[in-house]
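In: here's my sequence, what's the structure:
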Amino acid sequence: MKIKDVMHKGVTCVEPRTPVTEIAKRMRDDDIGAIPVRADGQLVGMITDRDITCRAVADGGNLGKLTASDVMTKDIASCSPDDDIVVAIKAMEGKKIRRLPVTDGHKELVGMLSLGDISHKVPKELSGEVLRAVSGHHR
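Out: All right, here's what the predicted structure looks like:
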């Protein structure tokens, strides 16, 4: 099964200069836990609700001044729409991540793959294994 058959399209994105408070509101309003960060059409990072909690709130940052570039994860893993779903699953397990951006050959975002997407499309045994592997404690 190819990633393009499982991923969802129409992903909400922000730019590196987007205020963290605006990102948190988008996450709340759209009921999502991660937003890709794009600059000049290319994926440059990812910001999750955990990034906001750990890198902004817990560190005592000035939420009114922090932007996506201050708290985002850089050098993120991604996959191609034509990759086999197993490639994405291994990347998610290895990095203990729940969401994986899908990019074309030019690092342009074309979709997002989440654990939820996988759980609806792959056999239950495999999705359960992925969930267990990804849900381990971060180091």
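In: okay, which residue is most central for this structure?
Out: Taking CA atoms, centre = their mean, the centroid of the chain lies closest to R99, which sits 4.1 Å from it.
In: enumerate the beta-bridge partners assigned to that residue.
Out: R99 has these beta-bridge partners by DSSP bridges: S114.
In: output stretch 33-50 in PDB, but only the C-alpha positions, please.
Out: Taking Å, rounded to 0.1, in the frame of the first residue of the first chain, the C-alpha atoms of stretch 33-50 are listed here in PDB:
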ATOM      1  CA  GLY A  33      -1.900  18.400  17.300                       C
ATOM      2  CA  ALA A  34       0.700  19.400  14.700                       C
ATOM      3  CA  ILE A  35       1.200  22.000  12.100                       C
ATOM      4  CA  PRO A  36       4.000  21.900   9.400                       C
ATOM      5  CA  VAL A  37       6.100  25.000   9.000                       C
ATOM      6  CA  ARG A  38       6.800  26.200   5.500                       C
ATOM      7  CA  ALA A  39       9.100  28.900   4.100                       C
ATOM      8  CA  ASP A  40       9.200  29.700   0.400                       C
ATOM      9  CA  GLY A  41       6.900  26.700  -0.300                       C
ATOM     10  CA  GLN A  42       9.300  24.200   1.300                       C
ATOM     11  CA  LEU A  43       8.900  22.300   4.500                       C
ATOM     12  CA  VAL A  44      11.300  23.600   7.200                       C
ATOM     13  CA  GLY A  45       9.900  22.200  10.400                       C
ATOM     14  CA  MET A  46       7.000  21.000  12.400                       C
ATOM     15  CA  ILE A  47       5.400  22.400  15.500                       C
ATOM     16  CA  THR A  48       3.400  20.100  17.800                       C
ATOM     17  CA  ASP A  49       1.300  20.800  20.800                       C
ATOM     18  CA  ARG A  50       4.100  19.200  22.800                       C
END
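In: which residues touch it?
Out: With CB atoms under 8 Å, 6 or more residues apart in numbering as the test, stretch 33-50 has contacts from 11-16, 18, 20, 23-24, 26-27, 68-69, 71-74, 76, 78, 98-99, 101, 103, 106-109, 112. (C-beta placed from N, C-alpha, C; glycine too.)
In: mind checking which of those are buried?
Out: With burial judged by 16 or more other CB atoms under 10 Å, the buried subset of the contacts of stretch 33-50 is 11, 13-14, 16, 18, 20, 23-24, 27, 68-69, 71-73, 76, 78, 98-99, 101, 103, 109, 112.
In: thanks again, I'm all set now.
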